[in-house]
Each structure stands twice: as structure tokens, then as C-alpha cells.
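Mind folding the following:
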Amino acid sequence: MLGKPLFSIVVPIYNIEDYLSECVDSILRQSYPNFELILVDDGSCDSSGLLCDRYQSSDPRIVVIHEPNGGIVKARISGLEKATGDYLICVDGDDWIDEDYLSNAVRIIEEYDPDIIAFGYHEVFSDKTLDRTFDSDRFMQKDEIVKDIFPRLIYGKKGPSFPNSIWAKVYKKELYDINQRTVDNRIMMGEDTACVVPCITEANSIYCSKQCVYYYRHHDHSFSKAHKPLPIDGPKLVEQHLKQALKDIDYDFSDQIRRRTVRALFNVVVTQFFRKEKRIRVLKQIKQTLKDPFYEDSIRNASFGKRSTKLIHFSIKYKVTILFYMHYVIRNGL
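Take a look at the predicted model:
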């Protein structure tokens, strides 16, 4: 370790033995060496924990935390509590990063000193890789953030456009710290948004880089790809969190929150067909969920600009369950 690290890199890990080495090796290969790597073993049942210990014994920059399974939010907070760097970086344990990730961040920090750096990323599928990036490199201060990012931060009228992923970003530690700690550990889908959105609204400056330095892996073992129902209260928990976190911000995000809730609710109800129950019972449960008084405002008042999301809103608003089932069939190639 070269004195106090500039960066703390937190990697939450749960049963990813097939991907972990590629992730950790990519971090250890960084061309900029002054960082600490905090591996949080979130109660893995495979050999992930043993791999973490082997890495720790080979490099003094590595810190390993073993704890009972508590979810990704708790794992990130555990890593945060051990972090000593000035900047915080999150990497998912089944992804990997470019060897110049930190070098690029140092260059930007030395020239602009932003509160957040947002990089582009590669979206990696089994048969292709897509680049997701910004049109150009750009440093923005508060007034520009409000003007250009706020209108599309959570869910713009024409769809979500500013990346709310917690990864492919660099945060000043104090900004990340206060917002990660407030995220409800019950949030299992949308936990990135719950932390990143308040970080951005509180940031005084952001640097958006068109460089793609993060590799986001799609695979069938990820939570979002697993053939199981998503938690039915997930959209509610995220909406409650965002309303509380943004209540003192001098900007009206209510329309965006409504759109996000309706879109997330659609995703949740579609996955309910993975339940090991008769279809008629699943349909009944879906209709009951859509009657939840908490969702009434979002369902009734959300407005969308794209035809596809207008159809999603229509199906939610009027409980057209056949559209949910058709989407489930198409999405899963049934």
C-alpha cells in the first residue's frame, strides 16, 4: 500500500465463483496502484469466500469481510465502513473493469475535482457486446446538472436516459457514504437507483466521460435474469425511499417517480408467472397488487411519451392481465 489509498473499491460477492477471478484480477491489474480493494463475502455457499482469502494473502491492498448473507445493500455498507480512501468505487463481483479505469479517474480528478465521475460501459452478452456511453466528455457544475440531468435523472418523459447504475462511477466518499447508508436493505431491485439518484441531486459537480471502462456482464445467474418472481413490494420501497431522500431538493421529481414506479411495477407483475401456482391464482394476486392504495397516484397520474411505455401504462391502469402474460411468454421464449 502506498500510504493512504486514493480509492476504495468495494466488491459485494455472493456465489460467483465462476466470475470472481476475472473481476479481482482486472482490479489488481490497474495501471494506477494506490487503491484498496474491499471484498465483501455476503455468506457465499460456494468457493467464493475461499477465493477471497487467497487473494487477500497475495496482496496487502486487499481487505476481506466475511458475513452472513444480508443482501447487496448491507454488503456495500459493510465495505463502506472499512473504506479509508478519498473516493469510493463500486464493482459487482461478476463484472470487470479496464486496466486504466483508475488512471482515467485520476486524470479527471486532478483537472476538475468533480464530486462524481460517470464513465461509459460495455454491456456484455453471451453473443455480443454493446457500448453504452455519453456523446462527449463533459464537466458540469450545479446549474448544468439541474438543467441537463435532472429532467431525465429518474425516468424522463421519453424513457430513462441518465444511467442510475452504481457502478461505472467514482464518488467522493462523503457524498456516497451518507446516501448509501440510508438505503433500505429490503430493496432488492432498484437499490442502485436508491443510492445514485440522491448522490447526483446533492453533487455540486459531475464529470461525464465517454470512455467505456466498465464491463457489465449479463448471465442467467443474475437476480434480474433468474426465473423467479421479483418482490411484490419492491417498487413501493424504492418510491418511498426516493420521496424521502428528495423531499428537500428544490426540483419536482414527482412525475419521474410515478413513471419509474409504473414501469417497475410492470416488471414485477410479469415475473409473478414464475410462481409455482395455478395461473388463475397468480392473475388474482396480480390484480390485488394493482389495487394497492399506495400505487394509486402513480398508476392514475403517470404520463409517458413513448408508445411502448404508454401500452405498459395502459395495461397496468386497466389491469389488462393478458398483456402481462403475453410479455412473460415473449420475454422468456415460451
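
ok, and the closest non-adjacent residue to L39?
C52 (4.5 Å; CB to CB, 6 or more residues apart in numbering). To be clear about C-beta, it is placed using only N, CA and C from the backbone, and glycine gets the same treatment.

Checking that neighbour next. Helix, strand or coil?
Recorded secondary structure, C52: helix (DSSP: H, G, I helix; E, B strand; the rest coil).

A strand includes M326, no?
No - counting by three-state DSSP, M326 falls outside a strand, being helix.

ok, the residue nearest to L39 touching E67?
No - the criterion here is CB atoms under 8 Å, and C52 misses it with E67 at 11.7 Å.

Find the residues that touch each one of the two.
D41 (CB atoms under 8 Å, 6 or more residues apart in numbering).

Can you name the element that comes right after the longest strand out of those in the chain?
Secondary structure of the chain read by DSSP state E shows that its longest strand is strand 205-217. Following strand 205-217 in sequence order, the next helix or strand is helix 234-245 (DSSP states H and E).

in that following helix, what counts as buried?
In terms of neighbour count (16 or more other CB atoms under 10 Å), helix 234-245 has its buried residues at 234-239, 241-242, 245.

Pick out whichever of the residues you listed sits closest to D86.
A245 (23.6 Å; CB to CB).

any idea where the helices of the stretch 151-300 of the chain begin and end?
173-180, 191-202, 234-245, 254-271, 279-290, 296-301 (DSSP state H, counting those that start in this stretch).

Distance to G159 and mean pLDDT for those - can I get that in CSV?
Below are those laid out as CSV (distance: least, CB to CB, whole Å; pLDDT from 0 to 100):
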stretch, distance to G159, mean pLDDT
helix 173-180, 24, 97
helix 191-202, 14, 98
helix 234-245, 17, 96
helix 254-271, 9, 95
helix 279-290, 22, 90
helix 296-301, 16, 92
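
So which of these is nearest W167?
helix 191-202 (7.8 Å).

if we can go back for a sec, restrict the longest strand of the chain to CA atoms and write it as PDB.
This file holds the C-alpha atoms of strand 205-217, laid out as PDB (Å, rounded to 0.1, in the frame of the first residue of the first chain):
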ATOM      1  CA  SER A 205     -20.200  18.900 -10.000                       C
ATOM      2  CA  ILE A 206     -20.200  15.800 -12.300                       C
ATOM      3  CA  TYR A 207     -17.800  14.700 -15.000                       C
ATOM      4  CA  CYS A 208     -19.300  12.500 -17.700                       C
ATOM      5  CA  SER A 209     -16.700  10.600 -19.700                       C
ATOM      6  CA  LYS A 210     -17.400   8.900 -23.000                       C
ATOM      7  CA  GLN A 211     -14.700   6.300 -22.200                       C
ATOM      8  CA  CYS A 212     -16.100   2.800 -21.600                       C
ATOM      9  CA  VAL A 213     -14.000   1.400 -18.700                       C
ATOM     10  CA  TYR A 214     -16.500  -1.000 -17.100                       C
ATOM     11  CA  TYR A 215     -17.800  -4.400 -18.300                       C
ATOM     12  CA  TYR A 216     -21.300  -5.200 -17.200                       C
ATOM     13  CA  ARG A 217     -21.900  -8.900 -17.700                       C
END
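
which ones are touching H313?
262, 299, 302-304.

what about it, which SS state?
Applying three-state DSSP: H313 is helix.

want to throw the helices of the stretch 151-300 of the chain into TSV with distance to K310?
Below are these laid out as TSV (distance: least, CB to CB, whole Å):
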stretch	distance to K310
helix 173-180	32
helix 191-202	22
helix 234-245	18
helix 254-271	11
helix 279-290	17
helix 296-301	13
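
mind checking which of these is nearest H327?
So among these, helix 254-271 is nearest, using CB to CB, at 5.2 Å.

Could you tell me the angle between the longest strand of the chain and helix 191-202?
Counting by axes from the mean of the first three to the mean of the last three CA atoms, to 10 degrees, strand 205-217 lies at 170 degrees to helix 191-202.

which secondary structure elements does strand 205-217 contact?
Under the contact criterion of 3 or more CB pairs under 8 Å, 6 or more residues apart in numbering; DSSP states H and E, strand 205-217 touches strand 96-97, helix 101-112, strand 116-124, strand 138-141.

try 10 Å this time
Applying 3 or more CB pairs under 10 Å, 6 or more residues apart in numbering; DSSP states H and E, we find strand 205-217 packed against helix 20-28, strand 96-97, helix 101-112, strand 116-124, strand 129-132, strand 138-141, helix 142-144, strand 169-172.

Tell me the strands beside the second one, with direction?
Spelled out, it's strand 96-97. strand 205-217 (antiparallel) (DSSP bridges).

export the helix or strand bottoming out on mean pLDDT in the chain as PDB, just CAs?
Lowest on mean pLDDT, DSSP states H and E among the helices and strands of the chain sits helix 321-331, with a mean of 87. In PDB, the C-alpha atoms belonging to helix 321-331 read as follows (Å, rounded to 0.1, in the frame of the first residue of the first chain):
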ATOM      1  CA  THR A 321     -53.600  -9.200 -17.400                       C
ATOM      2  CA  ILE A 322     -53.400 -10.900 -20.800                       C
ATOM      3  CA  LEU A 323     -50.800  -8.300 -21.700                       C
ATOM      4  CA  PHE A 324     -48.700  -9.200 -18.700                       C
ATOM      5  CA  TYR A 325     -48.800 -12.900 -19.600                       C
ATOM      6  CA  MET A 326     -48.000 -12.200 -23.200                       C
ATOM      7  CA  HIS A 327     -45.000 -10.200 -22.200                       C
ATOM      8  CA  TYR A 328     -43.900 -13.000 -19.900                       C
ATOM      9  CA  VAL A 329     -44.200 -15.600 -22.700                       C
ATOM     10  CA  ILE A 330     -42.300 -13.400 -25.200                       C
ATOM     11  CA  ARG A 331     -39.600 -12.400 -22.800                       C
END
